[in-house]
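A.B. asks: sequence first, predicted model second:
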Number of protein chains: 2
Amino acid sequence: MDKSHVIDALHALAQETRLDVFRLLVKQGEAGMAAGDIAETLGVRQNTMSANLAVLARAGMVRSEREGRVIRYFADFDGMRGLLAFLMEDCCGGNPQLCQPVLDEIVCAC
Amino acid sequence: MDKSHVIDALHALAQETRLDVFRLLVKQGEAGMAAGDIAETLGVRQNTMSANLAVLARAGMVRSEREGRVIRYFADFDGMRGLLAFLMEDCCGGNPQLCQPVLDEIVCAC
DNA sequence: TCAATATATCAATAATTCTTGAATTATGGA
DNA sequence: TCCATAATTCAAGAATTATTGATATATTGA
């Protein structure tokens, strides 16, 4: 992931509704969620949500699949991976003791 | 780290100059770098850089120490840790196979 | 083909953010 | 104390972004 792509991803997540959407979709996992259900769940109008989903999709943080009339959205774990990898890329400028605590914190609860 | 704090951190990093600053300071590690040197290194005017450093500092992504006339900035690894921990918090909504590849990618090069 | 449903797009306004020149504050040295 | 240096703060204009009502597109079923 290049720098401008990373900036798009950070920008997409740096807004309350979109961060909520992303985390909701992360929780939904492989089930994903229909655009309308996302809007209703988060109490956001349909077209506002559509615009926000488009921002997340352009940034590679979510992807979508049409299912008949419904468009189902999913968190894009590849995008997430690229973002975190970039942010940690140079974490060890010769001082492992600085970055190790950061890595230790990122422990999956699964 | 709570949600609004996370949004501040994401917003702070979602801009080219500030992302460059953060990564520069990550590379500098414990040495940090004087505000003026950061501005000169990145080719940004001194007051523009000051404003950007203030955004990063408010977001908890950098911290500073005065050394005589100079103010030296450092990446804040605690802030970084909080941000990444929040983003990964719910990565395992019952499907470890989704999040494991994300975690595998975040491997420190040290 | 027509109506209903789900979602996206458009255009306009409101709000926020970025950059910059100018002014200000803080420190150290002569 | 006065000057030079390092950095911050202020105010204003330009640019970007968010939200919304209205409209358009796509799909399904009658």
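C.D. replies: The structure has been received and is ready for your questions. Numbers count the residues shown, from 1 in each chain, chains lettered A, B, ... in the order given.
A.B. asks: A:Glu30 and A:Phe77, how far apart?
C.D. replies: 10 Å (CB to CB, to the nearest Å). Using the backbone N, CA and C atoms, a C-beta is placed for each residue, glycine as well.
A.B. asks: same drill for these two, tell me which one is more crowded.
C.D. replies: Taking other CB atoms under 10 Å in any protein chain shown, A:Glu30 and A:Phe77 do not tie; A:Phe77 has more neighbours (20 against 11).
A.B. asks: residues contacting A:Leu56?
C.D. replies: Applying CB atoms under 8 Å, 6 or more residues apart in numbering or on different chains to A:Leu56 gives the contacts A:12, A:18, A:21-22, A:62.
A.B. asks: could you look up the SS state of it?
C.D. replies: Under DSSP: H, G, I helix; E, B strand; the rest coil, the three-state class of A:Leu56 is helix.
A.B. asks: leaving out sequence neighbours, find the closest residue to it.
C.D. replies: Nearest-residue entry for A:Leu56: A:Val62, 4.4 Å, with adjacent residues in sequence omitted and distances by CB to CB, 6 or more residues apart in numbering or on different chains.
A.B. asks: quick one, phi psi at that neighbour?
C.D. replies: Backbone torsions for A:Val62, taken as degrees, to the nearest 10, come to phi -140, psi 160.
A.B. asks: ok, now how distant is it from A:Leu53?
C.D. replies: 7 Å.
A.B. asks: which residues do the two both contact?
C.D. replies: In contact with both A:Val62 and A:Leu53: A:21, A:73, using CB under 8 Å, 6+ apart.
A.B. asks: for chain A, which helix or strand comes out least confident on mean pLDDT?
C.D. replies: None of the helices or strands of chain A scores lower by mean pLDDT, DSSP states H and E than helix A:96-105, at a mean of 70.
A.B. asks: contacting residues around the spatially most central residue of chain A?
C.D. replies: For chain A, the residue nearest the mean C-alpha position is A:Met61 (4.0 Å; CA atoms, centre = their mean). Residues near A:Met61 by CB under 8 Å, 6+ apart: A:9, A:12-13, A:22, A:75-76, A:79-80, A:83.
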